[in-house]
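> Okay, structure incoming, though there's no sequence with it:
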């Protein structure tokens, strides 16, 4: 059963109970008022009859006076008893039994009124009291029928029932519509949850109800966005692992094929000295590629397992050491210019930062012709110190920029392999930058060169040894 149906049934039941209680209370109040009015009327009628008996009892016999009251209709049905208890006159309804009359006669009060039900089912108000006349005292009893009061009660009850049913039907219809409207937001959330479970992770509810449902919708959408981000991250991770395995397999297969081929050639037959030297050179070159590949993989694993301790580092001495490890300009290598960076201090691991800059410069040299230039500059920035490696090479296509730091990803595989590249250099640089609390920022235009920037936290200078 739907929640809106349950709410409608619950509210309808409560509404019916409230209406029934309200109608019952109203009817009982009206009946009590009518009954009080009937009692007052019965007392008034008895009083008038008693005064008539007192006034005219001196001139006529009491019996004749009582008959006249009944014939003229000046009093309700009545009866009178002499002081000795003998019946003087009666015109009471035959439905009244003797016990009811005796109860009224024996009650206390002057006059006293009580209700009695006749054998015909009708209710009467019996009013009794003592009347003193010149001829002596007598006990006078009148019987006022309550048929109109009970008929009015039944009619009011029927009208209340009819109007209550109509009101209840209309109210229940309004309650059903209201419950459906109130629970519509839950239906939207339920449908959205089913769609998300089916794979529509971009589904959102965006309810604007101005109440707790809107807050729930906002939380639900935030949860859905988090789920979408997690799923996207998982899918990207799976894709990257698949790409990594495929690229790693390919990177291994190429040198291993060359090594096995030339090794098989050497062991298969006697070869001229020049051919043997050529085969040995290829085997050495490919083995060196495998060694470099394994070194960089081990470096990535070490960085992941043991984050470095950062300390204040002077850029001047670091860049001077770096200049001694860079390849000198040659027929295939552009000139490299390093900023002195004297007086600049950063929070870093010196060895890792040097390795990062070394790899960035080698990548820039590989992409730059011999007549071009590669420069490394260091300058204070608002967030610290910015190091930038700029080249005048071929640039990077915009579609390749987001994937530059993926392991084994190479924009130009043939050129990278000519320079001994394996596609791990920038991945290693990105990891080192991450450990220093920063990222690699690429600015490139095809045919006009590339700039790679990192911004490190500045450090207070220390006395250099």
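Here it is on my side, so go on. The shown structure was predicted, so the numbers you read here are calculated from the model rather than taken from an experiment. Numbers count the residues shown, from 1 in each chain.

> List the residues that contact residue 299.
Residue 299 makes contacts with 355, 428, as judged by Cβ atoms under 8 Å, 6 or more residues apart in numbering. For the C-beta atoms, the positions are set from N, CA and C on the backbone; glycine is no exception.

> Apologies, that question was intended for residue 179.
Neighbouring residues of residue 179 by Cβ under 8 Å, 6+ apart: 4, 5, 7, 8, 11.

> hang on, residue 120 packs against residue 95?
Yes - between residue 120 and residue 95 there is a contact at 4.1 Å, judged by Cβ atoms under 8 Å.

> The two: which has the busier surroundings?
Taking other Cβ atoms under 10 Å, residue 120 and residue 95 do not tie; residue 95 has more neighbours (16 against 9).

> Distance from the chain centre to stretch 312-322, please.
How far stretch 312-322 lies from its chain's middle: 54 Å, per Cα atoms, centre = their mean, to the nearest Å.

> Name the residues that touch it?
In contact with stretch 312-322 (Cβ under 8 Å, 6+ apart) are residues 338-350, 353-354, 357-358, 361, 376, 378, 385, 387, 459-462, 464.

> Filter those down to just the buried residues.
338-339, 341, 344-350, 353-354, 357, 361, 376, 378, 385, 387, 459 (16 or more other Cβ atoms under 10 Å).

> Restricted to helices, list these.
350, 353, 354, 357, 361 (DSSP state H).

> so who does the last one touch?
Residues in contact with residue 361, defined by Cβ under 8 Å, 6+ apart, are 322, 326, 336, 374, 376, 389.

> if we go to 7 Å?
Residues in contact with residue 361, defined by Cβ atoms under 7 Å, 6 or more residues apart in numbering, are 326, 336, 374, 376, 389.

> What of residue 376?
Shown in contact with residue 376 (Cβ under 7 Å, 6+ apart): 338, 339, 357, 361, 387, 389.

> farthest-separated two in those?
In terms of Cβ to Cβ, those reach their longest pairwise distance at 339 and 361, which sit 12.2 Å apart.

> in the chain, which spans are strands?
In the chain, the strands defined using DSSP state E lie at 78-81, 87-90, 112-117, 123-133, 136-145, 311-314, 335-338, 345-348, 373-381, 384-391, 441-445, 449-456.

> Redo those as CSV? Include mean pLDDT.
Formatted as CSV, these follow (pLDDT from 0 to 100):
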stretch, mean pLDDT
strand 78-81, 88
strand 87-90, 86
strand 112-117, 86
strand 123-133, 87
strand 136-145, 86
strand 311-314, 93
strand 335-338, 92
strand 345-348, 94
strand 373-381, 93
strand 384-391, 95
strand 441-445, 91
strand 449-456, 94
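
> and of those strands, who's closest to residue 276?
strand 335-338 (36.8 Å).

> What residues sit buried inside the closest one?
Counting neighbours by 16+ other Cβ under 10 Å, strand 335-338 gives 336, 338 as buried.

> Residue 81 contacts residue 138, doesn't it?
Yes - Residue 81 is within contact range of residue 138, at 6.4 Å (criterion: Cβ atoms under 7 Å).

> what touches both of the two?
In terms of Cβ under 7 Å, 6+ apart, residue 81 and residue 138 are both contacted by the residues residue 88.

> quick one: least confident helix or strand in the chain?
Across the helices and strands of the chain, mean confidence by mean pLDDT, DSSP states H and E is lowest for helix 413-418: a mean of 48.

> Just the buried ones from the contacts of residue 179, in PyMOL syntax?
Filtering these down to the buried ones (16+ other Cβ under 10 Å) takes a single PyMOL command:
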select buried, resi 4+7+8+11
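
> Tell me how far the residue positioned nearest the centre of the chain lies from residue 185.
For the chain, residue 216 is the residue whose C-alpha lies nearest the centre (Cα atoms, centre = their mean; 2.5 Å). As for residue 216, its distance to residue 185 is 8 Å (criterion: Cβ to Cβ, to the nearest Å).

> in the stretch 151-300 of the chain, what spans have low per-residue confidence?
Within the stretch 151-300 of the chain, the segments meeting pLDDT under 70 span 240, 243-248, 250-251, 254, 293, 296-297, 300.

> which outside residues touch stretch 335-353?
Stretch 335-353 is contacted from outside by 308-310, 312-316, 318-319, 322-323, 326, 329, 361, 365, 373-378, 384-385, 432, 436, 456-461, using Cβ under 7 Å, 6+ apart.
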